[in-house]
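**Q** Generate coordinates for the sequence data below:
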Amino acid sequence: MPVVKIELDRFAKMVGAKREEILERLPFVGLDIEGVERDSVRVEYSPNRPDFGTDFGIARAMRGLLGKEVGLPRYRISDSGMAVSVDRRLADIRPHIACAVVTGLDLDQEDIRQIISLQEDLHNGLGRKRRAVAIGLHDLGATKPPLAYRAVDSSFKFVPLEGTTELTIEEALDRLPEGRLYGGTLPREGPFPVITDSEGTVLSFPPVINGNATKVTQNTKNVLIDVTGTGKKQGDDVLAVLATTLAEAGGMIQSVSISSGKSVRTTPDLEPRALRLDLALIRSTLGLDLSRKQVVQALGRSRMGVRGNSALGPRYRVDLMHPVDVAEEVALGYGFDRIGSAYPPSRQPGSFNAFEDFLDSAATVMADSGMTELMTFELVDHAMLYGNFGRSSSARISVHEPRSSEHSLLRDSLLPPLMAALSGNVKSEYPQRVFEVGRVYLREGDDVSERWHLGCLVAHSQSSFSEAKMYLEAACRTLTGVEVSAKASELWAFAPGRCASAWAGARALGHVGELTPESVHAFGLKVPVSGFEIDLTALRELLK
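**A** Just a heads-up that it's a prediction; the model follows:
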């Protein structure tokens with residue numbers, strides 16, 4: 001989760017409140033306090049609230065919660081007179097651009113640190129590590145409008161940020177760290193997007209790096225923001241967050257005209273978003289019999305407005321999508337600390353879910369045998385799940401628009417993440433015995449099913465098939481009283497001839513064996529590893 005460092009004296013002036021009150025109320029804005037130091041506090045915010053990426057945005061929300069400044073923040077937008085033309089050849093590469101000008105800034109070192117931190121959080125969050133959105137900040141005085149968002153070939157030259165000599169696009173992609181990190185989002189053969197002014201000065205080579213000629217310094221008073229990307233909405237969302245943050249820092253927002261063929265639009269668009277104001281939903285969700293007036297007042301403290309049957313959210317609130325979100329904002333503005341506890345209306349006592357009890361029993365049995373329980377991610381990357389085992393990925397279950405490549409696939413086995421956990425502990429003492437009770441996802445034709453598995457790995461110099469089978473048999477016998485038999489078999493995780501399928505009568509439970517030397521090496525382990533993985537859903541059927 002992203003973290004913001006807040007200087008308390010500075011923040012107290014921005015909010016108009018005392019330190020003690022700020023520290024007491026920060027959690028009620030929706031922030032987690034990670035740590036308090038003598039003169040600062042570190043707060044963790046949810047990535048779906050990018051407007052909390054600076055102390056400016058947090059102060060704006062805090063002023064509302066404390067009743068010092070309520071309702072929709074209003075930002076006046078004047079016309080900068082600047083125009084940007086878009087090259088049609090970028091239609092299949094990074095077709096969308098949105099821009100804004102912010103003038104009259106007087107930024108100190110802490111202001112700049114906050115804004116740079118926000119830029120990186122936006123790149124990593126909404127920007128999907130610049131794949132979806134890339135941001136450029138430029139000294140407006142170093143540009144000569146109009147601007148062009150153009151397509152160039154790999155021989156095009158410019159001086160990259162903090163550079164002194166010209167590089168071609170090809171050289172920038174090969175030599176610069178940013179080129180190696182972000183160049184993969186562009187077609188290798190081009191064309192490549194650049195932003196230039198009327199004299200050919202390069203402002204940016206998105207999503208890789210800005211040009212050096214327009215870099216922002218502490219003396220910069222007027223800033224040009226460019227946001228380029230593959231989707232219009234994401235780009236407009238990012239621009240709204242940035243432009244309003246700079247306005248909170250004392251700047252004045254000016255619009256820019258974007259023309260693409262016969263289409264012309266003006267950015268930024270800071271019109272509030274309307275969501276349905278469902279009073280019945282709000283009351284039932286919160287368990288409070290609030291009047292319309294109380295709802296309006298609570299939304300005002302959450303920096304929202306009301307018009308007719310609509311709740312109005314400020315444009316920088318990109319997380320507001322549903323009437324339930326409005327109910328949450330009412331709760332925040334009303335104050336979670338004012339909502340008392342209540343017993344449920346039913347007198348029927350609750351009870352634990354029988355299957356959850358069985359899963360807990362499985363974990364207890366493994367822990368009692370001297371093993372360490374792990375909890376790994378259900379979302380994994382391709383290398384962990386397939387590459388390191390040399391297995392086919394034809395049945396893989398991919399995540400639509402993942403936030404990162406490290407979390408792009410749903411796991412279909414517990415063994416790969418357990419191996420990854422062992423690889424992170426190669427300097428710890430052996431033997432290492434680990435297990436996990438976790439959920440896996442299996443493709444069955446066009447459908448995906450969820451199953452609960454028990455995975456176990458044993459790593460040390462004498463680890464063997466026999467040891468893994470012993471743990472498997474003991475676990476199944478303790479949980480169900482059933483003896484498990486083993487039949488010679490094959491599975492991608494285990495070495496040929498050192499693998500068996502586990503059976504309870506006529507019911508197949510899973511596999512046990514010794515991990516292949518290739519996978520052990522791929523994960524950077526230096527000792528043999530054995531283990532098993534069984535289907536707990538199938539095992540519990542034996543108890544019925």
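
**Q** Quick check: chain neighbours aside, which residue is closest to residue 363?
**A** Distance criterion Cβ to Cβ, 6 or more residues apart in numbering; nearest residue to residue 363, sequence neighbours excluded, is residue 437 at 4.8 Å. In this view, the C-beta of every residue, glycine as well, is placed from N, C-alpha and C.

**Q** Need phi/psi at the one you found.
**A** Per-residue torsions, residue 437: phi -100, psi 110 (degrees, to the nearest 10).

**Q** Can you verify my assumption that it contacts residue 454?
**A** Yes. Applying Cβ atoms under 8 Å, one finds residue 437 in contact with residue 454, separated by 5.5 Å.

**Q** helix/strand/coil for residue 461?
**A** Counting by DSSP: H, G, I helix; E, B strand; the rest coil, the backbone at residue 461 sits in coil.

**Q** Check what pLDDT it gets.
**A** For residue 461, the pLDDT comes out at 92.

**Q** now the closest residue to it other than its chain neighbours: how far from residue 270?
**A** Excluding the flanking residues, the one nearest residue 461 by Cβ to Cβ, 6+ apart is residue 527, at 5.3 Å. Residue 527 sits 59 Å away from residue 270, going by Cβ to Cβ, to the nearest Å.

**Q** how deep is the nearest residue to residue 201 once chain neighbours are set aside tucked in, by neighbour count?
**A** Closest residue to residue 201 apart from its sequence neighbours, by Cβ to Cβ, 6+ apart: residue 213 at 5.0 Å. Close neighbours of residue 213, defined as other Cβ atoms under 10 Å, add up to 17.

**Q** Next: the one 10 residues further on.
**A** Neighbouring residues of residue 223 were enumerated by other Cβ under 10 Å; the total is 24.

**Q** Phi, psi for it please.
**A** According to degrees, to the nearest 10, residue 223 has phi -120, psi 140.

**Q** just to revisit the earlier point, more neighbours: which of residue 527 and residue 270?
**A** More crowded of residue 527 and residue 270, by other Cβ under 10 Å: residue 270, with 22 against 16.

**Q** which phi and psi does that one have?
**A** Phi and psi for residue 270, reported as degrees, to the nearest 10, are phi -110, psi 20.

**Q** so what's it up against?
**A** 75, 77, 240, 243, 244, 253, 314, 315 (Cβ atoms under 8 Å, 6 or more residues apart in numbering).

**Q** Please indicate which of those are buried?
**A** 75, 77, 240, 243, 244, 253, 314, 315 (16 or more other Cβ atoms under 10 Å).

**Q** which one is the third one nearest to, not counting chain neighbours?
**A** In space, and not counting its chain neighbours, residue 240 is closest to residue 315: 4.4 Å by Cβ to Cβ, 6+ apart.

**Q** now swap in the fifth one and tell me
**A** The shortest distance from residue 244 to any residue other than its chain neighbours is 4.7 Å, reached at residue 316 (Cβ to Cβ, 6+ apart).

**Q** circling back: helix, strand or coil: sort out the residue nearest to residue 240 for me.
**A** Going by three-state DSSP: residue 315 is coil.

**Q** Helices along the stretch 351-500 of the chain, start to end?
**A** 354-368, 382-385, 415-423, 465-480 (DSSP state H, counting those that start in this stretch).

**Q** Without its sequence neighbours, what residue ends up closest to residue 488?
**A** residue 500 (5.7 Å).
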